[in-house]
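In: no FASTA, just this:
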């Protein structure tokens with residue numbers, strides 16, 4: 001007498017696999033919508049780019065120190081850091097063209113208000129192809145990274161030291177230095193004291209003279 005065999009079926013059917021794929025797709029769509037609705041991807045992207053700016057400034061600062069130790073004097077233009085006879089840096093750090101067209105510069109100016117226009121400052125103008133609104137947001141993001149109580153939503157983060165007159169700062173650099181000290185984003189709408197490019201710019205004070 002023979003008996004039929006019984007046991008669990010091996011594998012899954014095509015229909016079951018199709019149902020699983022559809023369910024996975026539905027869950028992915030729901031998850032993506034949730035992510036877009038509750039996660040500010042634009043802000044996070046801008047924070048990541050400004051973090052890259054901070055990292056680049058650190059590299060430039062280190063190269064500045066090496067140059068000063070090697071030659072006994074500070075470099076007066078940024079090109080000296082990549083000079084073929086010096087070559088502390090193989091190339092200057094770059095940012096996307098949407099952020100800056102000018103790139104990094106090394107300038108001298110009166111940053112601390114002491115009256116001597118010889119302070120060494122690395123500057124990154126926000127003169128790229130991004131919209132004015134995006135550039136302002138980059139500026140707010142950067143200053144919020146420096147002082148986390150500064151607003152991410154209004155322009156007061158780069159107003160004068162007393163918070164007055166956003167974007168029209170009569171003592172832009174010295175006022176911002178009094179507030180932020182070594183690193184800040186400012187709008188130099190008047191005659192530029194740090195390079196030839198006016199407007200929004202990120203400033204890293206390297207050395208006060």
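Out: Here it is on my side, so go on. Because the structure is a prediction, the values reported are computed rather than measured.

In: for the rest of this, base every contact and every neighbour count on C-alpha atoms.
Out: OK.

In: where do the helices of the protein begin and end?
Out: Using DSSP state H, the helices of the chain run over residues 14-38, 41-71, 132-146, 172-180.

In: need those in CSV with mean neighbour count, distance to residue 116 and mean pLDDT, can you?
Out: Listed next are the helices of the chain as CSV, based on neighbours: other Cα atoms under 10 Å; distance: least, Cα to Cα, whole Å; pLDDT from 0 to 100:
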stretch, mean neighbour count, distance to residue 116, mean pLDDT
helix 14-38, 11, 49, 71
helix 41-71, 16, 20, 94
helix 132-146, 21, 26, 91
helix 172-180, 21, 12, 83
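
In: for those, which one sits closest to residue 112?
Out: helix 172-180 (5.3 Å; Cα to Cα).

In: helices and strands around that closest one, which ones?
Out: If you count contacts as 3 or more Cα pairs under 8 Å, 6 or more residues apart in numbering; DSSP states H and E, helix 172-180 packs onto strand 183-188.

In: where is the longest strand in the chain?
Out: strand 199-207 (DSSP state E).

In: JSON lines please, covering the helices of the chain and showing distance to residue 112.
Out: Formatted as JSON lines, the helices of the chain follow (distance: least, Cα to Cα, whole Å):
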{"stretch": "helix 14-38", "distance to residue 112": "41"}
{"stretch": "helix 41-71", "distance to residue 112": "18"}
{"stretch": "helix 132-146", "distance to residue 112": "17"}
{"stretch": "helix 172-180", "distance to residue 112": "5"}
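
In: closest to residue 103 out of these?
Out: That would be, of the helices of the chain and by Cα to Cα, helix 41-71, which comes in at 10.9 Å.

In: now that closest one against helix 132-146, angle please.
Out: 60 degrees (axes from the mean of the first three to the mean of the last three Cα atoms, to 10 degrees).

In: buried residues in the longest strand of the chain, which are they?
Out: 200-207 (16 or more other Cα atoms under 10 Å).

In: TSV for those residues, including pLDDT and distance to residue 43?
Out: Formatted as TSV, the buried residues of strand 199-207 follow (pLDDT from 0 to 100; distance: Cα to Cα, whole Å):
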residue	pLDDT	distance to residue 43
200	89	18
201	92	19
202	94	18
203	94	21
204	97	22
205	96	26
206	96	28
207	94	31
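
In: reformat those as a markdown table; add distance to residue 64.
Out: Formatted as a markdown table, the buried residues of strand 199-207 follow (distance: Cα to Cα, whole Å):
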| residue | distance to residue 64 |
| --- | --- |
| 200 | 24 |
| 201 | 20 |
| 202 | 18 |
| 203 | 15 |
| 204 | 12 |
| 205 | 12 |
| 206 | 9 |
| 207 | 10 |
